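Engineer: Sequence and computational prediction follow.
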Amino acid sequence: MMKSDPALTPFSYSELDAIEGYDDALECTLAFRGDAIERIDKVLAEHPQFVMGWLFRAAWLTQAMEDRVYPEMVNSVERARALMTKMPINDREQGYLNAMECWLKGDFFGAVQHWETVLTYCPFDLYALGLVHYTNVLLGDVTGQRDVVARVIDLWDESMPGYEYVLAFYAFGLEENRDFSKAEELARHALSLRPDHPYAVHVVCHVMEMRGRQSGGVRFMLDQVKRWGSSNFANHLWWHTALFYVDLEQIDSALDIYDQQLVEVGKANEKYEELDAAALLWRLTLLGTDVGQRWAYLADRWEPAARDTLYAFNDVHAMMTFVADNRSEAQQELLTENERYVENASDANVAMSREIGM
């Protein structure tokens, strides 16, 4: 169980139950279990002056990479900013606010730099560490994913709560930089500390995929499914399991996962789930598989987001569904919105949209 040490990760608001609620929300986030926003909202209802609670909430919403969460994000930042004009705050909280100010301007790289600055004087801030690591994943900065953890990992050891998360962050960064043996070693170490750690499972299956260990990958994922199957990361891990089956040319098993796991789990209308569903169907379609009416259902899910231009990776997956289901109007709408966006915007996603997304 997470337990913040105020000497290592300071809070300007010192009510113990507020900090305990923050720790619960952080545990939900890092363990991919429970509802972190629901937990922090409960804390904020009881402690509306908890600056770090509002900053936690705003930063958590950055990882959705969807336009629909921006009003909530802005509100959380405004609540934090208003409190900061009335009460003393610490450098850590100021660093989070600086990061969020950058994010709201579309400067994702600037936000990362501010969270990294927080880590220079709070190297045990697991939330800042996770935000830098996960955002670098979203931005495709593979060296950044690894190096932010490399700079602090030697300060950690097994006696410290959250060490398993640090190990998994570092392991994924190593895997993305092709240090497969060390990545698997650290991921399995993380699993020895917390067997239900889905991000560590994710690292191991990445390594198995990259090393052509598909049969072993299926066995590993199914052996572990009772531990990760109920996590908030289950959809993505089922997608990886389906990819093993695709590589093994066991297409029926891959489609079973699509029907029984990806689509059913995706009822929450979250883009991460729909990304995985689109990515799997696209692979199967390229292999000549008849996927029936599955594209039509998925295109229905993506079409309301045709005007979103926040993240080129999402736009490409939306276009996959529109092309596969012959939705010419949705295709044109998505292209038109992106053309208008790259002409007028100046945020961090513009270059990606212009050079790759378009």
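Structural biologist: Sure, I can see it. Residues are numbered from 1 along each chain as shown.
Engineer: going forward, measure contacts between C-alpha atoms and count neighbours the same way
Structural biologist: Fine.
Engineer: Which segments of this structure make up each domain?
Structural biologist: Per the record, the chain has its domains at 1-136, 141-254, 263-357, by the TED database.
Engineer: Find out how far the shortest one is from the centre of the chain, if you would.
Structural biologist: In this case it means domain 263-357. Using CA atoms, centre = their mean, to the nearest Å, the distance from the centre of domain 263-357 to the centre of the chain it belongs to is 18 Å.
Engineer: What is the burial count for T143?
Structural biologist: 15 (other CA atoms under 10 Å).
Engineer: Touching, it and F172? I think so.
Structural biologist: No - using CA atoms under 8 Å, T143 is not in contact with F172; the gap is 10.8 Å.
Engineer: returning to that earlier point: can I get the domains of the chain in JSON lines including mean pLDDT?
Structural biologist: Compiled in JSON lines, the domains of the chain are given as follows (pLDDT from 0 to 100):
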{"stretch": "domain 1-136", "mean pLDDT": "95"}
{"stretch": "domain 141-254", "mean pLDDT": "98"}
{"stretch": "domain 263-357", "mean pLDDT": "82"}
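Engineer: in stretch 161-169, what's buried?
Structural biologist: Judged by neighbour count using 16 or more other CA atoms under 10 Å, the buried positions of stretch 161-169 are 162-169.
Engineer: In helices only, show me these.
Structural biologist: Restricting the buried residues of stretch 161-169 to those inside helices, with DSSP state H as the criterion, leaves 163-169.
Engineer: can I get these in JSON lines with distance to T85?
Structural biologist: What follows is those, written out as JSON lines (distance: CA to CA, whole Å):
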{"residue": "Y163", "distance to T85": "35"}
{"residue": "E164", "distance to T85": "37"}
{"residue": "Y165", "distance to T85": "34"}
{"residue": "V166", "distance to T85": "34"}
{"residue": "L167", "distance to T85": "38"}
{"residue": "A168", "distance to T85": "38"}
{"residue": "F169", "distance to T85": "35"}
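Engineer: Nearest to K42, out of those: which one, please.
Structural biologist: Of all those, Y165 has the smallest distance to K42: 24.7 Å, by CA to CA.
Engineer: how close does the closest one sit to P10?
Structural biologist: Separation of Y165 from P10 (CA to CA, to the nearest Å) stands at 20 Å.
Engineer: Relative to Y297, how far out is the closest residue to W295 other than its chain neighbours?
Structural biologist: The spatially closest residue to W295, leaving aside those adjacent along the chain, is D325, at 5.8 Å (CA to CA, 6 or more residues apart in numbering). Taking CA to CA as the criterion, D325 is separated from Y297 by 9 Å.
Engineer: If you count surrounding residues, which of the two has more?
Structural biologist: Counted by other CA under 10 Å, D325 and Y297 do not tie: D325 has more neighbours, with 17 against 12.
Engineer: Contacts only, for the more buried one.
Structural biologist: Contact partners of D325, counting by CA atoms under 8 Å, 6 or more residues apart in numbering, are 295-296, 299.
Engineer: Out of these, the closest to R307 would be?
Structural biologist: Checking these against R307 by CA to CA gives A299 as the nearest, at 13.9 Å.
Engineer: element containing that closest one, please.
Structural biologist: Following DSSP states H and E, one finds A299 within helix 294-302.
Engineer: Same check on D256?
Structural biologist: With DSSP H and E as criterion, D256 is part of helix 251-257.
Engineer: Which residues does that helix contact?
Structural biologist: Defining contact as CA under 8 Å, 6+ apart, one finds that helix 251-257 is touched by 238-239, 241-243, 245-246, 284.
Engineer: Just name the closest of the buried residues of stretch 161-169 to Y22, please.
Structural biologist: Within the set of the buried residues of stretch 161-169, G162 lies nearest Y22; the separation is 14.2 Å, counting by CA to CA.
Engineer: And what about R178, helix, strand or coil?
Structural biologist: Reduced to three states with DSSP: H, G, I helix; E, B strand; the rest coil, the structure at R178 is coil.
Engineer: so what secondary structure elements neighbour the one helix or strand P71 maps to?
Structural biologist: Assessed by DSSP H and E, P71 sits inside helix 70-84. Secondary-structure packing of helix 70-84 (3 or more CA pairs under 8 Å, 6 or more residues apart in numbering; DSSP states H and E): helix 51-62, helix 91-104.
Engineer: And the longest one, what does it pack against?
Structural biologist: The one in question is helix 91-104. Contacts defined by 3+ CA pairs under 8 Å, 6+ apart place helix 91-104 against helix 51-62, helix 70-84, helix 108-121.
Engineer: Buried deepest among the ones you listed, which one?
Structural biologist: helix 51-62 (a mean of 23; mean count of other CA atoms under 10 Å).
Engineer: Going by neighbour count, which residues of the helix or strand where Y22 lies are buried?
Structural biologist: Under the assignment given by DSSP H and E, the secondary-structure element containing Y22 is helix 16-31. When neighbours are counted by 16+ other CA under 10 Å, the buried residues of helix 16-31 are found to be 18-19, 21-31.
Engineer: Thank you kindly, that will do.
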